[in-house]
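S.K.: this one's structure only:
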């Protein structure tokens, strides 16, 4: 246990901290799902989900992680041999590719350096070269690199074409601005343990009419993830819904609605700014060329054992951040500002990072990171 | 709600944060108290309480706040007309005086400046002048001023005399070193919502044989607080015990035992050091002439509206600290480091204080307080 009490701070990009007001909802009595009481809870919940997705389309929620929602998108949109454009600029772009492979898609890969963000121009070029592509798979916030793409600009390209734009908003929903209808994003998928401030275990997906046309045509095998079944039974679930997770989702969506989705986006932006300012003040570099406000990926400085950073932060300070995934293992570390986070959580993370870097022999002025973060917050709090 | 999520940080000297592992104990099924199961829970709990009091004497727990335990001490030790020496150097010294008045004691008051600490010499002098005094009432940690007295030194004086030393350890137990038996403190009283990390509602008291002699002789009216009834039914309660609070107390005492009481004292000392260093770095002054590690009382700087400090910290930053009580209202503010607190809680409090002081127009270098606190923690964490 060491000298101090070790409280636990989840500062990894999911799972994120779950507010007690949500956890206690999960502890309520499990009622039967085929009752008017529960159907009305589902109805209210899915209505509020539309607000967070910024859509008039139905949102479907089912028990699985975000990967299940990604699979639902692929299985329902891609038939064997269909051409799919897949952007791969990190671990979760790779996941789209793996799913498309599993369902026998004819993959056109836009392979980018990890940390790069695909541009609308690159999407347009790929579509011009592949006019028969049925779907474009993108990652709105690439959690493995802390990168956010210009989804609005990309949707401006795909909207005019006979192609369905799918985005993985697993880590982005409730963190990065996302206006599904206004921008014209056709399919949005997400999971519960990120901006929605819930434990893992629930996936959400929304599709517009353009996407539904493709769903009706898909010849891919699917059962649990067959979205037609969810559409038919809406707002009920075709199978047993995760009753207590739905209670928690209802509460989370109420909280987000009360705060206002624009405020939610804005506070993520400021926490991101503060983290970036702190990291810069410590003389460190960001990995991403287009950093988002979900998670900040920081390059491990020369001569420091990168794997030690998340380890010491977790074991000694109780602060769970993430290391690098795949080819970035040991080369970066990632501090999230995702979900139920206050400025003092960010300050805690930066402070623990300072202790950790000092211990590892990295040279900087103790307090410099926290000071830089405080300066960003002071501007917001008191205008100076 | 403002721009950010406002999490709640209880940094006042009680109630203190309750760990979730304790809260969930309170949510367990309420069983009947006259069952072997519950009696065995009581027994285990009160045994572990002895460890925290550092005594072989029985510890009694009953439903009331700390003031109830103080009343139990007075009602059981002081008969009308008995001479009692009462140290008054703050709000809680005043409470001893009020209780002694209510029970018709002949009060010898040692009245000190708020922020001063009574010395063993002052106690000795009062006892030499009043050899017929039956009881000495002291406040180990005077929460209203952030002062800790030399209780060990005082006990050295009273031990040799025919007088019972009572100390209010409501805020001190589980924070300041306290060795009831070794030092020879005759009566120790405490409450649940401080170092014991519980919600308010439970009081604990322990008495040695010297004190029990006086209890047997007391002619003061008492019923609920009649300690003879508790002694007789030990470990059971004479009336219905607060079953779920006992569950929580059991868990809290297990946690303290696992951590080790010396470690608990030591981490309070370091959090106190860090807070004092931060406050000094901000150019502020302490109130207390003998500051303790329960709560740090800081003088409001010239020209600043002192009442605004706790108000802004609570309403804008979610950080509940305390203002001044009684004659110190508006003149000090108090930041606790009591109970379930980590270094990052202290850093959070100092950071919120910095934002608050800036807003109120106090001049200092933003980040200086946090930097000074980090320097104290870095010494402990990484030895530099």
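M.R.: Arrived safely. The structure presented is a predicted model; accordingly, all values stated were derived computationally and were not measured.
S.K.: the strands in the stretch 151-300 of chain A, which residues?
M.R.: A:164-168, A:187-191, A:202-207, A:295-299 (DSSP state E, counting those that start in this stretch).
S.K.: Throw the ones you listed into JSON lines and include distance to chain B, thanks.
M.R.: Yep, even glycine has a C-beta here, placed from its N, CA and C like the rest. Output for the strands of the stretch 151-300 of chain A, formatted as JSON lines (distance: least, C-beta to the nearest C-beta, whole Å):
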{"stretch": "strand A:164-168", "distance to chain B": "25"}
{"stretch": "strand A:187-191", "distance to chain B": "20"}
{"stretch": "strand A:202-207", "distance to chain B": "21"}
{"stretch": "strand A:295-299", "distance to chain B": "17"}
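S.K.: which residues touch residue A:170?
M.R.: A:14, A:66, A:69, A:70, A:92, A:141, A:143, A:189, A:190, A:191, A:194 (C-beta atoms under 8 Å, 6 or more residues apart in numbering or on different chains).
S.K.: contacting residues for the fifth one?
M.R.: Spelled out, it's residue A:92. When contacts are counted by C-beta under 8 Å, 6+ apart, residue A:92 touches A:139, A:142, A:143, A:144, A:168, A:170.
S.K.: need those residues in a markdown table (columns: pLDDT).
M.R.: Listed next are these as a markdown table, based on pLDDT from 0 to 100:
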| residue | pLDDT |
| --- | --- |
| A:139 | 98 |
| A:142 | 98 |
| A:143 | 97 |
| A:144 | 97 |
| A:168 | 98 |
| A:170 | 97 |
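S.K.: just give me the closest of these to residue A:5.
M.R.: Comparing the contacts of residue A:92 against residue A:5 with C-beta to C-beta places residue A:143 closest, at 30.1 Å.
S.K.: what pLDDT does residue A:384 get?
M.R.: On the pLDDT scale, residue A:384 is placed at 72.
S.K.: helices of the stretch 101-250 of chain A, start to end?
M.R.: Residue ranges of the helices in the stretch 101-250 of chain A, as given by DSSP state H, counting those that start in this stretch, are A:120-129, A:151-159, A:180-183, A:209-217, A:227-233, A:243-259.
S.K.: so which residue is smack in the middle of chain A?
M.R.: residue A:171 (0.6 Å; C-alpha atoms, centre = their mean).
S.K.: next up, phi/psi of that residue, please.
M.R.: With angles defined as degrees, to the nearest 10, residue A:171 sits at phi -90, psi -10.
S.K.: contact partners for the closest residue to chain B within the stretch 101-250 of chain A?
M.R.: In the stretch 101-250 of chain A, the residue that lies nearest chain B is residue A:197 (9.6 Å; C-beta to the nearest C-beta). By C-beta under 8 Å, 6+ apart, the contact set of residue A:197 is A:16, A:17, A:18, A:19, A:22, A:174, A:252, A:255, A:339, A:340.
S.K.: buried stuff in the helix or strand hosting the fifth one?
M.R.: This points to residue A:22. Assessed by DSSP states H and E, residue A:22 sits inside helix A:20-26. Within helix A:20-26, the residues that qualify as buried are A:22, A:25, A:26, counting by 16 or more other C-beta atoms under 10 Å in any protein chain shown.
S.K.: and the pLDDT at the second one?
M.R.: Spelled out, it's residue A:25. 95.
S.K.: quick revisit: so what secondary structure elements neighbour the helix holding residue A:22?
M.R.: helix A:243-259 (3 or more C-beta pairs under 8 Å, 6 or more residues apart in numbering or on different chains; DSSP states H and E).
S.K.: surely residue A:49 touches residue A:252?
M.R.: No. When contacts are counted by C-beta atoms under 8 Å, residue A:49 is not listed as touching residue A:252 (9.8 Å).
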